[in-house]
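Undergrad: Provided below for reference: sequence and predicted model.
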Amino acid sequence: MSNDYSVVGKRVTKVDGFKLVTGRPAFADDIAVPGMLIGKILPSPYAHARITHIDASKALALPGVHTILTYKDVPRVPHTTAGQAWPEPSPYDTYLLDSKVRFVGDRVAAVAAETRALAEEALRLIEVEYEVLPPVLDMEHAMDPGAPLIHDEPDSTGIFDARHNLAAYILQEIGNVEVGFRAADFIFEREYRTPRQQHCSIEPHVTLSWLDADNRLVIRSSTQVPYHARRQVAMILQIPVQRIRVIKPRIGGGFGGKQEMLLEDICGALTLATHRPVKIEFTREEEFYMSRSRHPQILRIKMGVMHDGTIVANHLKVLATTGAYGSHSSTVQGSTGSKVLPLYRTEHMKFECHVVYTNTPVAGAFRGYGCPQGFFAQESLVDEISHDLGMDPLEFRRKNFIHIGDIDNLAAQLGEGKKGLPRTIRSCGLPECVERGAAAADWERKRKAPQDPASHIRRGIGVACSMQGSGIAGIDWASALLKMNEDGSFNLQVGASDLGTGSDTVLAQIAAETLSVSLNKFIVYSADTDFTPFDVGAYASSTTIISGGAVKKAAENVREQILRVASRMLETPVENLTCRGNQVVTKCECKKSVSMTDLALHAMYKEKTQIMGHASHFNTDSPPPFCVQFAEVEVDTETGRIRVPHLVTAVDLGVAINPMQAEGQAEGAVLQSLGYALAEEMQLDDCGRMINRGFADYKIFTAKDMPKLTTILVETEEPLGPYGAKAIAEIPINAPAPAVANAIFHAIGVRFRKLPIRPEEVLRALREKETNEEASSVEPAGAPMSRATRRN
Amino acid sequence: MAFEHIEAFLRPTSIPEAVRVLRREGRRARVVAGGTGAALRENRTIRTLVDVSRLGLQYIRRKGGGWAIGAATTMCALEESRQIREFASGILAAAAASCGSVQNRNMITLGGSLANAWAAGDTATPLLALDASIVVANSRGRCRVPLAEFFLDPNCVILNGALLVEIAIPAPPRGGRRGWSFQKLGRTESDISIVNCAAGLQVDRAGKCAWARIALGAVEPTPLRARQAEAALIGQTLSADSIAAACDALMQEIQPIADFRASAEYRREMSAVMARRALRECAERAGCPL
Amino acid sequence: MKTIAIRVKINGEAKEWIIAPGDLLLDVLRREGYWGVKRGCETGECGACTVLVNGRPINSCLLFAAQAEGCDLLTIEGVAKDDTLDPIQEIFLEHGAVQCGYCTPGMILCTKALLERNSAPTEDDVRDALAGNYCRCTGLRKPIEAVLAAAEAYRANGGKKTARAVKARAR
């Protein structure tokens, strides 16, 4: 396993660590570009309106204002902002600037001015008249006959049914769930609701653009998807891809919010209009409501089970809203089905989903990508079922888990925009995750521990499991370029986007291991569309397995070249040589060797050849990581406050290339999920305006809220991954929320099926329970619930 | 953030000079003690900033059994002061320590939080329980305004052309068997209060409550004293029942606000919960645990 | 527009800056090339803009630059000595407490300020010290462990800061 290697599997520090701890200028905004103008976007104050009159003349007259763009000034090119491989499966329903606005915060105009103050002043001087239209704010009514049409423009494409505000519709079935339900001894059906969550990357979206000496448009942006951004900007601004260069510097967090071409187009447009460098940086407030967020969903899940706990049918119906534009609408929701249902083996599975437009902030990619929603529903229901059947929750799951060797056919139904590929499970550490996680969480004892009758605190422990993917099968691909320098060091050039995940380090470790060379010999550069080869970008948990796969291949290619040079230098056949410890050595007794440095000098100056390799890579499968998480809770029955003292994560990530970074990824994901469960929600008022658009009002967990976190890396060997690796970036965000909800049930006998679980609601439920004197369940308003029905 | 509309940053070197400047500038001026940039964001009519951090207003002094605290004293200075930590069971230090992060607490001043009615400033609550007053320097000299009265003035008229220079805390009632407590409830550990409560009481030899002070913050637009709850306790034997009765009275007398953080009903109930916890802790600290 | 001159000592160097009266310290610092001071929220919540003023952590997004007149400022740029990292910086790296690095300068400065006042902080002390440094990447576990480890290292050296030379390379 990872113990066999010299660099892979080691807790090495990040290759970019020095510049991060010293605060060296490395992020998008850390440069002073002479002549730079400040760009700002005028946001719509209305959720749904037509612009009937727009006059920027007063603003333009302000000295220091260089340009103002409105829909009249720019080409009208329908596109999606979703950072996805071409052809993107999201609808082309977005415009650089439009004469209609579809959410509070939508673009009305853009200005470039000498200073921030001037830009803000200019925004105030732009005169706009709106024909205010009735908004659709409630996703449950978006498809009603007579509902206002959000996308009534003729030129958008890829919308499933614009006349019913339906951005996407997904229906997939394996087997026949009705057959399964008829055979079932029990049927359980429940409804769950999940909120709008914001990424809250500490670095907001920021983009700079300028024209270089060759008059090419250079874009330096905090982005996870430099190549997709380049392609989309080219399309939108109607200039050739060749005339654009996108630079991805260090990024201060993304979590999917930067898997989006969000500011690059408008910034580039301002540069083209002014011939000046322009910077657009979102304020935190703008970040909250004008960027992207997690799709809120209403999930209705129905499972048929036998007496002995075997699941025989699983039917998940989802209503989701993508907000005003359809970015990632079909794919996030597709994952809610394809990555969630197959966790439990059953012959009959059905997933149906409507993704509707509403005049609300736009949803997009967010770590987990549909899975946090799906697993909240499925893992909560499974907990209910096991409780009602009198089965231990771990036992129930073990009975139904997917196994190594299984083929997941649902994955074949739900690819990214086209038919997917069936998924074969070649590595699965679920049983070990359960065992080690339960031990670390002290599960057995805590499940049976009695409550302290004198205390107002009730304690509980809950469990939830999940799976994810590692790269999108048949679609995600990457390439790497590796060139050797005369001192035995290497440039590793990758389009992979390290957004803080540590991928530069992990990729260098893979290269170092393959070449048997020290990690400090690598100069990693990511990413720049002029200098680093293509990579789809950082999403879908693809970087380690796909970009890593490309790096490994490139390194293997370079290794062969090195051995051939060494063979000539040492006058011995290649078969007798191997790389070891920054040298090439003979396998035989003669013990000849040459250092990498000497070899490089020889290759360059004697043989006059550049040792250099490149490779591209993709997988036709997406080996899932697996995760089991245990949450302890303390419920304050006087205030309803929930505290999580301990959360255990046991995750099968394949082989951990860098265990320390992997743990860090898991722990960050867990804290985001706890916020999702207990505190985070973008709250909108009756006019579709976000109320809590600041950190004082939208609460994320800080150092004082963080529970004790235990992270267990369960290693399996995945044949499709470099050195056996799979993924860890997203999966730990999927199950803490249901684990917490299940723990709360264990503590106080109340089920919460709506996130976030607010103290007020906990208190209300406790009161109701006291009144009813029996275990009750909290219903989301307006949703009838059918209890378990017994069948013979 | 752009504060290009600010034309001048003045740093008076004496209080009379500061008062003169504030009178002259009127509503165009804003006092800066710690970091009030955020508060200024919404107001583009401010033209002059008046820095009062060099007027010698950072002090914590004993005064006649009570305290005189300079208006520019930071939350950190309060929470770090051993004397303040020991005074009134440390409720003022505890409230100061809950005013946001370390960075916030190094900047927020006692005077600043009172003058701006800053939502996160929980120190008003214990000050109200302690019957504190503010001392205001104006053109006529100095005047003293009880906090309770100050909070009835939503537009802070008393601070027009004047400077809040000191917070005066009178000596608390004498005697043994006294205890104070500060409780706070937010959505997370680092949140602005949904409810906070500062309480104090004294138990006489007969086991009866000699006096009680109960102040609530973040419940109504300004902090308040729960006078009916206090009255319900005084003269009663201190017990779980008498505290419960006082908290019931408290729930009746308050008019809680509702916002996206919490509904009015939740605030009403939590006021009682926080008050009960505070009173129980007071009793414990008074040496009469329930 | 009227400008004013302010004099500060920053990272041990005396500087004079010409500023507008309404300039915020964060903007002035970045304009003067202190790129390690980050912009995250501009409302004094996230702490990415943390600098030490007279040894105390503050949010530079909320301080007017003019308020810093005559003060002693420390930014992340002043923590390491050339290529020699401060033990806090090394320990953060060794513990994996750095992911995207955007919150890191603020955390390191808060750690420095904490350890100057309290060489034996409890975990609760550390949580309080870092509560104003929002981090979305690490889950805060490794940063807290790093601070406790830095405190231990600090005590082991008799309260003296020792800087171990670190070559600027990946290890």
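TA: The structure has been received and is ready for your questions.
Undergrad: now do the contacts for the one residue in the stretch 151-290 of chain B that gets nearest to chain C.
TA: Closest residue of the stretch 151-290 of chain B to chain C, Cβ to the nearest Cβ: residue B:190 (5.1 Å). For the C-beta atoms, the positions are set from N, CA and C on the backbone; glycine is no exception. Taking Cβ atoms under 8 Å, 6 or more residues apart in numbering or on different chains as the criterion, residue B:190 is in contact with A:699, A:702, A:704-705, B:100-101, C:131-132.
Undergrad: now do residue C:51
TA: The neighbours of residue C:51, taking Cβ under 8 Å, 6+ apart as the test, are C:25, C:29, C:37, C:57-58, C:60, C:73-75, C:109.
Undergrad: ok, and which of these reach chain A?
TA: Counting by Cβ under 8 Å from any Cβ of the partner chain, C:37, C:75 from those sit close to chain A.
Undergrad: how about the contacts of residue C:51 in CSV, adding distance to residue A:149?
TA: CSV is the format used below for the contacts of residue C:51 (distance: Cβ to Cβ, whole Å):
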residue, distance to residue A:149
C:25, 49
C:29, 49
C:37, 47
C:57, 52
C:58, 51
C:60, 47
C:73, 56
C:74, 57
C:75, 53
C:109, 53
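Undergrad: restricted to helices, list the contacts of residue C:51.
TA: Judged by DSSP state H, helices contain the following of those: C:25, C:29, C:109.
Undergrad: hmm, the second one is touching residue C:59, no?
TA: No: counting by Cβ atoms under 8 Å, residue C:29 sits too far from residue C:59 to count as a contact (12.0 Å).
Undergrad: the residue in the stretch 51-200 of chain B that chain C sits nearest to: neighbour count?
TA: The minimum distance from the stretch 51-200 of chain B to chain C, using Cβ to the nearest Cβ, falls at residue B:101 (2.2 Å). Burial of residue B:101 is recorded as 27 neighbouring residues (other Cβ atoms under 10 Å in any protein chain shown).
Undergrad: contacting residues for the nearest residue to it once chain neighbours are set aside?
TA: In space, residue B:101 comes closest to residue C:132 once its chain neighbours are excluded; the distance is 2.2 Å by Cβ to Cβ, 6 or more residues apart in numbering or on different chains. Residue C:132 makes contact with A:702, B:100-104, B:190, C:45-47, C:50, C:57, C:59, C:110, according to Cβ under 8 Å, 6+ apart.
Undergrad: swap the cut-off to 7 Å and go again
TA: Contact partners of residue C:132, counting by Cβ atoms under 7 Å, 6 or more residues apart in numbering or on different chains, are B:100-104, C:47.
Undergrad: again, but for residue A:200
TA: Contacts of residue A:200 by Cβ under 7 Å, 6+ apart are A:700, C:136.
Undergrad: which of the residues in stretch A:717-729 are buried?
TA: Buried residues in stretch A:717-729, defined by neighbour count with 16 or more other Cβ atoms under 10 Å in any protein chain shown: A:717-718, A:720-729.
Undergrad: and what of stretch B:152-159?
TA: Within stretch B:152-159, the residues scored as buried using 16+ other Cβ under 10 Å are B:158-159.
Undergrad: and that stretch, what's its mean pLDDT?
TA: Stretch B:152-159 comes out with an average pLDDT of 82.
Undergrad: hang on, the earlier thing: need the three-state assignment for the residue nearest to residue B:101.
TA: Following DSSP: H, G, I helix; E, B strand; the rest coil, residue C:132 is assigned to coil.
Undergrad: residue B:171 against residue B:62, yeah?
TA: No: when contacts are counted by Cβ atoms under 7 Å, residue B:171 is not listed as touching residue B:62 (9.7 Å).
Undergrad: so where does residue A:645 fall, helix or strand?
TA: Here residue A:645 sits within strand A:642-654, counting by DSSP states H and E.
Undergrad: the following helix or strand past that strand vs strand A:642-654, what angle?
TA: Using DSSP H and E, the helix or strand that follows strand A:642-654 towards the C-terminus is helix A:659-678. Going by axes from the mean of the first three to the mean of the last three Cα atoms, to 10 degrees, helix A:659-678 is angled at 140 degrees with respect to strand A:642-654.
Undergrad: counting contacts, what elements does helix A:659-678 pack onto?
TA: Using 3 or more Cβ pairs under 7 Å, 6 or more residues apart in numbering or on different chains; DSSP states H and E, the elements in contact with helix A:659-678 are strand A:642-654, strand A:708-715, helix A:736-748.
Undergrad: residue A:580: neighbouring residues, count only.
TA: Residue A:580: 13 surrounding residues under other Cβ under 10 Å.
Undergrad: from chain C, how far off is it?
TA: Using Cβ to the nearest Cβ, to the nearest Å, residue A:580 is found at 20 Å from chain C.
Undergrad: now for that residue: which residues touch it?
TA: residue A:516.
Undergrad: report the beta-bridge partners for it.
TA: Beta-bridge partners recorded for residue A:580 (DSSP bridges): residue A:583.
Undergrad: return the distance of it relative to residue A:517.
TA: The span separating residue A:580 from residue A:517 equals 10 Å under the rule Cβ to Cβ, to the nearest Å.
Undergrad: surely residue A:558 is in contact with residue A:613?
TA: Yes: Residue A:558 is within contact range of residue A:613, at 4.0 Å (criterion: Cβ under 7 Å).
Undergrad: show me the domain layout of chain B.
TA: Residue ranges for each domain of chain B read B:8-51, B:60-169, B:178-285, as given by automatic domain parsing.
Undergrad: residue A:762: which of those is closest?
TA: Taking Cβ to Cβ, domain B:178-285 is the member of the domains of chain B nearest to residue A:762, at 10.6 Å.
Undergrad: any idea how far apart the tips of the closest one sit?
TA: In domain B:178-285, first residue to last residue: 7 Å (Cα to Cα, to the nearest Å).
Undergrad: stretch B:75-88 too?
TA: Taking Cα to Cα, stretch B:75-88 runs 17 Å from one end to the other.
Undergrad: contacting residues around it?
TA: B:58, B:60, B:67, B:92-93, B:96-97, B:99, B:105-106, B:108, B:110, B:130, B:172, B:180, B:200.
Undergrad: that concludes my questions; thank you for your assistance.
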